[in-house]
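1. Everything below, folded, please.
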Amino acid sequence: MSKKNTIILLADGAEEMEAVIIIDILRRAEIDVTIASINDRECIECSRNVKICADAKLEAVQHEQYDAVILPGGLAGSKALSNSKKVGDLLKKQEAEGRLIAAICAAPTALKAHGIGFGKKITSYPSMKDQLIEDYEYLEDAVVTDGNIITSRGPATACAFGLTIVEKLLNKVSALNVAKGMLYIDYV
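-> Purely as a prediction, here's the structure:
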């Protein structure tokens with residue numbers, strides 16, 4: 001079996017806890033992660049002034065094929081994801097190919113902005129609900145999976161979200177092994 005590969009899209013204002021937790025969990029599961037900056041700079045300044053340096057700029061890697069495209073939240077970061085044509089093109093290609101798309105916190109608004117997954121079950125940070133309820137079946141679960149779309153609520157749900165991505169890409173046993181190694185006892 002070939003190694004799974006993912007891309008996590010970062011813009012200034014991204015929620016750093018979500019980004020780092022997801023990257024860490026995926027790498028613990030031995031899933032390749034490309035951290036891609038959608039900005040012109042290699043280092044992103046996140047919502048709490050933490051800087052994360054990307055592996056690549058999106059324009060250099062957007063034509064690759066990914067098993068999952070992952071969008072962390074953060075209000076300003078999510079707005080940038082929503083306004084990026086490159087992000088929209090990547091998400092549309094991913095959806096057309098039936099590959100996994102995962103968005104947490106405010107990032108499901110970027111799915112809406114690019115016309116991704118309309119009618120599917122999703123969740124988001126609570127204050128984003130009103131922007132999403134007309135186009136999706138909105139739930140308030142910590143993590144919601146509907147076909148190839150995984151969404152989650154916010155920083156406190158990032159571990160469960162990351163483990164759900166591992167389970168979808170690999171299997172339940174792999175997710176449980178990562179959870180056990182992190183002493184994350186709530187993942188069952």
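
2. hey, let's count contacts and neighbours off CA atoms from now on
-> Will do.

3. what residues are up against residue 148?
-> Contacts for residue 148 (C-alpha atoms under 8 Å, 6 or more residues apart in numbering) come out as 95, 98-101.

4. Repeat that for residue 88.
-> Residues in contact with residue 88 (C-alpha under 8 Å, 6+ apart) are 82, 114.

5. can you rerun that using 7 Å?
-> With contact set as C-alpha atoms under 7 Å, 6 or more residues apart in numbering, residue 88 has these partners: residue 114.

6. Now it: which helix or strand?
-> Assessed by DSSP states H and E, residue 88 sits inside helix 85-96.

7. Next: residue 103.
-> Using DSSP H and E, residue 103 maps to strand 100-104.

8. got it, and residue 39?
-> Using DSSP H and E, residue 39 falls outside every helix and strand.

9. How about it, nearest residue that isn't a chain neighbour?
-> residue 11 (6.1 Å; C-alpha to C-alpha, 6 or more residues apart in numbering).

10. what does residue 150 give?
-> Using C-alpha to C-alpha, 6+ apart and skipping residues adjacent in sequence, the residue nearest residue 150 is residue 102, 4.6 Å away.

11. shaky segments in the protein?
-> Within the chain, the stretches with pLDDT under 70 are 1, 188.

12. can you do 50?
-> Counting by pLDDT under 50, not a single residue of the chain qualifies.

13. Okay, helices next: where are they in it?
-> For the chain, the helices defined by DSSP state H occupy 16-28, 58-61, 75-83, 85-96, 108-113, 129-132, 158-169, 172-181.

14. For burial, what's the neighbour tally of the closest residue to residue 124 other than its chain neighbours?
-> What sits nearest to residue 124 in space, not counting adjacent residues and going by C-alpha to C-alpha, 6+ apart, is residue 153, at 4.4 Å. Applying other C-alpha atoms under 10 Å, we find 27 residues neighbouring residue 153.

15. give the contact list for residue 153.
-> Residues in contact with residue 153 (C-alpha under 7 Å, 6+ apart) are 104-105, 123-125, 142-143.

16. Can you tell me which of those end up in strands?
-> Members of those lying in strands (criterion: DSSP state E): 104, 143.

17. Ranking by neighbours, what's the top pick from the contacts of residue 153?
-> Ranking the contacts of residue 153 using other C-alpha under 10 Å puts residue 104 first, with 32 neighbours.
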